[in-house]
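>>> return a 3D structure for these sequence lines:
(4 chains)
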There are 2 protein chains.
Amino acid sequence: MRVELKPALKEVTQFVREGLNRKEVVIIIGNCEVRYEGRAYSRLSSGTRILIIKEDRALILHRPKGFEPVNWQPSGSIIVTDYKGGKFILRSFRRKVSETIEVTFDRVDLIVSARMLDEGEFLMYGNEEDLKRAILIKPDLIEEGLRVIFEERRSGSGYADLCCLDAKGRLVIVELKKERANREAVIQLLKYVNYYKKNGSKAVRGILVSPSISKGALKLLKELGLEYRKINLRKCLSILKKFDSNAYWSLLR
Amino acid sequence: MRVELKPALKEVTQFVREGLNRKEVVIIIGNCEVRYEGRAYSRLSSGTRILIIKEDRALILHRPKGFEPVNWQPSGSIIVTDYKGGKFILRSFRRKVSETIEVTFDRVDLIVSARMLDEGEFLMYGNEEDLKRAILIKPDLIEEGLRVIFEERRSGSGYADLCCLDAKGRLVIVELKKERANREAVIQLLKYVNYYKKNGSKAVRGILVSPSISKGALKLLKELGLEYRKINLRKCLSILKKFDSNAYWSLLR
DNA sequence: GCCTAGGTCCCGTAT
DNA sequence: ATACGGGGCCTAGGC
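Reported below is the predicted structural model:
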């Protein structure tokens, strides 16, 4: 790891170039102005920020407040550095979309270049995918006698989360939401149900499955003759835990 | 600014506490494990990462690759630090939503605490809002003789971008998209048009306005008897430039 | 390449 | 608090 406090701007160019060539992550804290041009246009006038350039050339510029970066460039962009007019300039060009960022520093307080070893495994659970997996294991969570026949099935323009048959053999389209469902979710479900009705299936039911639903969405749902089933995310996870030997489930408190 | 290379983990607690109390931004580079529990659950096993905690307690944890943070907490959360079992532990609790992050460091390579002055102005143009402003100035961009009567008008469940009258006095609902429009946009427009049809207006037209439109969306649009108008974002911006004395427009190349 | 849908999306805004 | 829609959204998965 290389660290320099208050480096001369002239040296920063070399420092950054070397860091990136060595596949290190570079962090710059300093006073800068920013210009962005691409899908939209932005200007950020002078102030102190944190600039991060990762191994893969992802660029992230943070102000001292707020969760979101003020300017950025996703990974894979091209970084060019320059020293001109007494200032350090860093430009980033995105390959596919025509997008450019130009960060001009008139003062650098700190510069860091670090090779970071990170082979850690990232595991996420409790997303919509998990909800679906739990239902595939135990379709009774939605309704007695339900059988899943397709998942993520193309249904017109989009994809139905689950296509099922109920105890009476009727087609049932299921739309899953892991959080409170809104009107948007109802419209999504309607779209798929209508697709199957249009394409020959007579008795098609549509069920929206989520832990909760907004008042307006529930009203709309009923008006459209669709159904709602409440589901508990924790319950789904505990079902998965039983059927999945993966050790990480044991971490669930 | 305070910087320490390879600080003893025991000292880090004090360092972070002091930094945050002084409204400084704290950056830690080191080896850590992460546990997140809230709307979903995640585990990140050991590796070297960058942790940023901002003045407003926004927490952002970055791996050495990729644009997006692997774990985070938006501003306003509560930060608690601890030294236990030879490790430095930082926990963040979100107030409203029940969400927790726990970052456990077994090695810290660098720690920085910096008061960052940033009063810079951030200006963004070329978003949907600007498209709308340009059309308000010059409705002819869409159609000769068009007059805008409402903007962001509640129309049933959502908000119609623009409500207008055409040369023949018919109601025209306009849906704006600053980028390629998809089926979603068409459905949105349809929803608003149907709302006004249902509520008494007889001849209601719907126009989708965007720089381009997906093939499927255009087909759907026509099937539904809706209309499409291409618009050029740069042209809209140059119109705004004329009518808006704000100096930043001059920065547009 | 286009298109669709999810995300711990975040965020602003209006009700 | 809830709900709705934008975002330079990003990212993954299909086709």
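>>> what's the nearest residue in the stretch 151-253 of chain A when you look at DNA strand C?
A:Gly158 (1.7 Å; Cβ to the nearest atom of the strand). In short, each C-beta sits where N, CA and C put it, glycine included.
>>> who's in contact with that residue?
Residues near A:Gly158 by Cβ atoms under 8 Å, 6 or more residues apart in numbering or on different chains: A:Gln188, A:Lys191, A:Tyr192.
>>> can you narrow those residues down to the ones near DNA strand C?
A:Gln188, A:Lys191 (Cβ under 7 Å from any atom of the strand).
>>> what helix or strand is the nearest residue to A:Tyr83 once chain neighbours are set aside located in?
With sequence-adjacent residues excluded and distances taken as Cβ to Cβ, 6 or more residues apart in numbering or on different chains, A:Tyr83 is closest to A:Thr13, at 4.7 Å. Here A:Thr13 sits within helix A:9-21, counting by DSSP states H and E.
>>> what residue lies at the spatial centre of chain A?
A:Asn127 (11.5 Å; Cα atoms, centre = their mean).
>>> that one and B:Ser238: what is the separation?
44 Å (Cβ to Cβ, to the nearest Å).
>>> and if you look at A:Asn21?
Distance, A:Asn21 to B:Ser238, by Cβ to Cβ: 41 Å.
>>> neighbour count winner among those two?
B:Ser238 (13 against 8; other Cβ atoms under 10 Å in any protein chain shown).
>>> so that one belongs to a strand, correct?
No - if the criterion is DSSP: H, G, I helix; E, B strand; the rest coil, then B:Ser238 is helix and not within a strand.
>>> and it, what's its pLDDT?
pLDDT for B:Ser238: 85.
>>> do the same with the one 5 residues further on
Turning to B:Phe243, the model gives it a pLDDT of 76.
>>> before we move on, what about the one 10 residues further on?
In the predicted model, B:Arg253 carries a pLDDT score of 50.
>>> what about the nearest residue to A:Glu119 once chain neighbours are set aside, neighbour count?
Distance criterion Cβ to Cβ, 6+ apart; nearest residue to A:Glu119, sequence neighbours excluded, is B:Gly47 at 6.0 Å. Per other Cβ under 10 Å, the neighbour tally for B:Gly47 reads 19.
>>> ranges for the strands of the stretch 151-253 of chain A?
Taking DSSP state E, counting those that start in this stretch to define them, one finds strands in the stretch 151-253 of chain A at A:158-165, A:171-176, A:204-210, A:227-230.
>>> packing partners of the shortest one?
Using 3 or more Cβ pairs under 8 Å, 6 or more residues apart in numbering or on different chains; DSSP states H and E, the elements in contact with strand A:227-230 are strand A:204-210, helix A:215-223.
>>> the longest one to strand A:204-210, inter-axis angle?
Which is helix A:215-223. Angle, helix A:215-223 to strand A:204-210, by axes from the mean of the first three to the mean of the last three Cα atoms, to 10 degrees: 160 degrees.
>>> hey, what's the residue of the stretch 151-253 of chain A closest to DNA strand C bridged with?
A:Ser155 (DSSP bridges).
>>> pLDDT at it, what is it?
Taking A:Gly158 on its own, its pLDDT is 90.
>>> residue boundaries of the strands in the stretch 1-150 of chain A?
Under DSSP E, counting those that start in this stretch, the stretch 1-150 of chain A gives strands at A:2-5, A:25-37, A:41-53, A:59-62, A:71-73, A:78-84, A:87-94, A:99-114, A:122-125, A:147-155.
>>> which of these sits most buried?
Among those, ranked by average contacts under mean count of other Cβ atoms under 10 Å in any protein chain shown, first place goes to strand A:59-62 (a mean of 24).
>>> close to DNA strand C, is that one?
No - remark: strand A:59-62 sits outside contact range of DNA strand C, by Cβ under 7 Å from any atom of the strand, the gap being at least 11.0 Å.
>>> who are the packing partners of that strand?
Strand A:59-62 packs on strand A:41-53, strand A:71-73, strand A:99-114, going by 3+ Cβ pairs under 8 Å, 6+ apart.
>>> now intersect the contacts of A:Gly158 with the helices, please.
A:Gln188, A:Lys191, A:Tyr192 (DSSP state H).
>>> what sits against the residue in chain A that DNA strand D sits nearest to?
At 2.9 Å from DNA strand D, A:Ser214 is the closest residue in chain A, using Cβ to the nearest atom of the strand. A:Ser214 is in contact with A:Arg180, A:Ala181, A:Asn182, A:Arg183, counting by Cβ under 8 Å, 6+ apart.
>>> and the pLDDT at it?
92.
>>> for chain B, see how far away it is.
10 Å (Cβ to the nearest Cβ, to the nearest Å).
>>> distance check, that residue against B:Val112.
Taking Cβ to Cβ, one finds A:Ser214 at 44 Å from B:Val112.
>>> is the worst-scoring helix or strand of chain A on mean pLDDT anywhere near DNA strand C?
The helix or strand with the lowest mean pLDDT-type score in chain A, counting by mean pLDDT, DSSP states H and E, is helix A:233-243 (a mean of 88). No - judged by Cβ under 7 Å from any atom of the strand, helix A:233-243 stays clear of DNA strand C, getting no closer than 10.9 Å.
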